[in-house]
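1. build me a structure from this.
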Amino acid sequence: MTALRKRRVILLGSTGSIGTSTLKVTREIPDRIEIIAIAAAGNIEKLAAQARETGARHVGIYDTSKAAALRALLPDGVTLHTGPEGLLELATLADADIALIAIVGTAGLRPALAAIEAGKDLAIASKEILVMAGEIITAAASRRGVKLLPVDSEHNAIFQCLDGHRGGEAEVSRLILTASGGPFRQLPADQLSDVTPEQALHHPTWNMGPKITIDSATLFNKGLEMIEARWLFGIGMERIDVVVHPQSIVHSMVEFTDGSVLAQLSRTDMCFPIQYALTWPERARGGLQPLDFPALAKLEFEAPREDDFPALNLARRAGLTGGTLPAVLNAANEIAVEAFRNNQISFPGIWGCVSAVMDAHLVQASDTLEAVVAADQWAREAATAFCMENSDFRRHLRP
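-> Numbers count the residues shown, from 1 in each chain. Model prediction:
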């Protein structure tokens, strides 16, 4: 019997929710996964504790001002990597098999590309990587012959449904992403303006970070996932749909040209997609609990309220237009979510900000990292001005 392989993992974003879940998976199957490097933005106490637990010999800290304090907390013999350059150093470590990028925002883009160029498989948990630079990332992965492994539960579900399918893209009718609908799924449209940040941060089924939780409430999370799916699976935006599934048990589906539908189901636990991404193409017996089907009272599906929650239409427009517009959508949404959390704009103001910034953008080709980063920066400035109700917004009407 052939021994199952052990994968050596670089984990960028180790102190966030995905990173924490990744370490939980590692504890359950230490014979299958070895964490050789970890990095975080600035939580040095948690990062140092993770270094001691995992025995990782390489640790990165993005905030260089905290490097000295972190050094004092790390075990002897650990190599410290600092700042954006430190992330690139970690992403290209020679003895790693795979890099899991779980960095929030755009900071994970260059490390992801560096890992691919170094011949590492890439487990993608950061939506920004493919939303902003899907053309660049997928072209690099194809050229280097590395695998892009989705960690998002929805894309991981589609990946599992397509895994081993011999017919190729021509036999796929559509991809169906499921959405919980968020906490305001049944809230009347005329009450959305009264939604508070505290209410938006209470997700009905998932325990996630604040940004992605609010994105789930606006449905921007699902819109970004539509663009991700377009690049991951080579399926046009016109064949990617969203259905609301409040129980979050069916994580996504693939409909084939003969009318058959394959779906992937599991408990609402991010450890499932993380474990499959890191052990693929094999499966591991760990501590994850299977579904108790008799205990499932019901599984519901309904159409999203696209007129009341326009994020899906905005994302569809960005994905169909292409170029730098998806990067602009992503950046404007990040700024708008932060402004909403700071009570600068209303909940519907998130959609309003993104729409206004997209309307103001002159779309460019997105075949270089420089063009993508420039569009991202422009959108952040424009969105900030919009959210501050600053008259300077007019000067941002063209990049």
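
2. can you tell me the element the nearest residue to residue 100 once chain neighbours are set aside falls in?
-> Spatial nearest neighbour of residue 100, chain neighbours left out: residue 123 (4.1 Å); criterion: CB to CB, 6 or more residues apart in numbering. Yep, even glycine has a C-beta here, placed from its N, CA and C like the rest. Assigned by DSSP states H and E, residue 123 belongs to strand 121-124.

3. buried ones in the helix or strand hosting residue 161, by neighbour count?
-> For residue 161, the host element (DSSP H and E) is helix 153-162. By neighbour count on 16 or more other CB atoms under 10 Å, the buried set for helix 153-162 is 153-162.

4. that helix - contacts with which helices or strands?
-> strand 148-150, strand 172-179, helix 220-233, strand 250-256, strand 261-265, helix 271-279 (3 or more CB pairs under 8 Å, 6 or more residues apart in numbering; DSSP states H and E).

5. format these as JSON lines; extra columns: mean pLDDT, mean neighbour count and distance to residue 133.
-> Converted to JSON lines, the helices and strands packed on helix 153-162 look like this (pLDDT from 0 to 100; neighbours: other CB atoms under 10 Å; distance: least, CB to CB, whole Å):
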{"stretch": "strand 148-150", "mean pLDDT": "97", "mean neighbour count": "24", "distance to residue 133": "12"}
{"stretch": "strand 172-179", "mean pLDDT": "97", "mean neighbour count": "22", "distance to residue 133": "21"}
{"stretch": "helix 220-233", "mean pLDDT": "96", "mean neighbour count": "26", "distance to residue 133": "9"}
{"stretch": "strand 250-256", "mean pLDDT": "97", "mean neighbour count": "21", "distance to residue 133": "23"}
{"stretch": "strand 261-265", "mean pLDDT": "97", "mean neighbour count": "17", "distance to residue 133": "27"}
{"stretch": "helix 271-279", "mean pLDDT": "96", "mean neighbour count": "24", "distance to residue 133": "20"}
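
6. for residue 7, find the nearest of those.
-> The minimum distance between residue 7 and the helices and strands packed on helix 153-162 falls on helix 271-279, with 5.8 Å, by CB to CB.

7. the next helix or strand after that closest one - contacts with which helices or strands?
-> Using DSSP H and E, the next helix or strand after helix 271-279 towards the C-terminus is helix 311-321. Packed against helix 311-321 by the contact rule (3+ CB pairs under 8 Å, 6+ apart) you find helix 220-233, helix 325-341, helix 347-360.

8. could you check the angle the longest one makes with helix 220-233?
-> Angle between the axes of helix 325-341 and helix 220-233 is 160 degrees (criterion: axes from the mean of the first three to the mean of the last three CA atoms, to 10 degrees).

9. got the CA coordinates for helix 325-341 in PDB?
-> Taking Å, rounded to 0.1, in the frame of the first residue of the first chain, the C-alpha atoms of helix 325-341 are listed here in PDB:
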ATOM      1  CA  LEU A 325     -13.100  46.900 -13.300                       C
ATOM      2  CA  PRO A 326     -13.200  43.900 -11.000                       C
ATOM      3  CA  ALA A 327     -10.200  45.400  -9.100                       C
ATOM      4  CA  VAL A 328     -12.000  48.700  -8.800                       C
ATOM      5  CA  LEU A 329     -15.200  46.900  -7.500                       C
ATOM      6  CA  ASN A 330     -13.100  45.100  -4.900                       C
ATOM      7  CA  ALA A 331     -11.200  48.100  -3.700                       C
ATOM      8  CA  ALA A 332     -14.200  50.400  -3.500                       C
ATOM      9  CA  ASN A 333     -16.100  47.700  -1.600                       C
ATOM     10  CA  GLU A 334     -13.300  47.400   1.000                       C
ATOM     11  CA  ILE A 335     -13.300  51.200   1.600                       C
ATOM     12  CA  ALA A 336     -17.100  51.300   1.700                       C
ATOM     13  CA  VAL A 337     -17.300  48.400   4.200                       C
ATOM     14  CA  GLU A 338     -14.900  50.200   6.500                       C
ATOM     15  CA  ALA A 339     -16.800  53.500   6.200                       C
ATOM     16  CA  PHE A 340     -20.000  51.600   7.100                       C
ATOM     17  CA  ARG A 341     -18.300  50.100  10.200                       C
END
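
10. now do the buried residues in it.
-> For helix 325-341, by 16+ other CB under 10 Å, it's 325-341.

11. let me see the mean pLDDT of it.
-> The average pLDDT within helix 325-341 is 96.

12. contacts for the lowest-mean-pLDDT helix or strand in the chain?
-> Using mean pLDDT, DSSP states H and E, helix 210-218 stands out as the lowest-scoring helix or strand of the chain, at a mean of 91. Contact with helix 210-218 is made by 104, 179-180, 182-184, 195, 197, 200-201, 203, 206, 208, 221-222, 224, 309, 311, 333-334, 337, 340-341, 347, 350-351, as judged by CB atoms under 8 Å, 6 or more residues apart in numbering.

13. go on, stretch 383-392?
-> Here stretch 383-392 makes contact (CB under 8 Å, 6+ apart) with 331-332, 334-336, 339, 344-345, 349, 353-354, 356-357, 393, 396.

14. repeat that for stretch 156-175.
-> The contact list for stretch 156-175 (CB under 8 Å, 6+ apart) reads 149-150, 177, 229, 232-235, 239-241, 250-259, 262-264, 272-273, 276-277, 280-281.

15. gap between the two ends of that stretch?
-> Distance between the two ends of stretch 156-175: 12 Å, counting by CA to CA, to the nearest Å.

16. quick check, residue 31 in contact with residue 6.
-> Yes. Residue 31 is within contact range of residue 6, at 6.5 Å (criterion: CB atoms under 8 Å).

17. what about the two, which has more around it?
-> A direct count of neighbours by other CB atoms under 10 Å for residue 31 and residue 6 places residue 6 higher, at 14 against 9.

18. from what I can see the more buried one touches residue 26, true?
-> No. The pair residue 6 / residue 26 is not scored as a contact, 10.9 Å apart, by CB under 8 Å.
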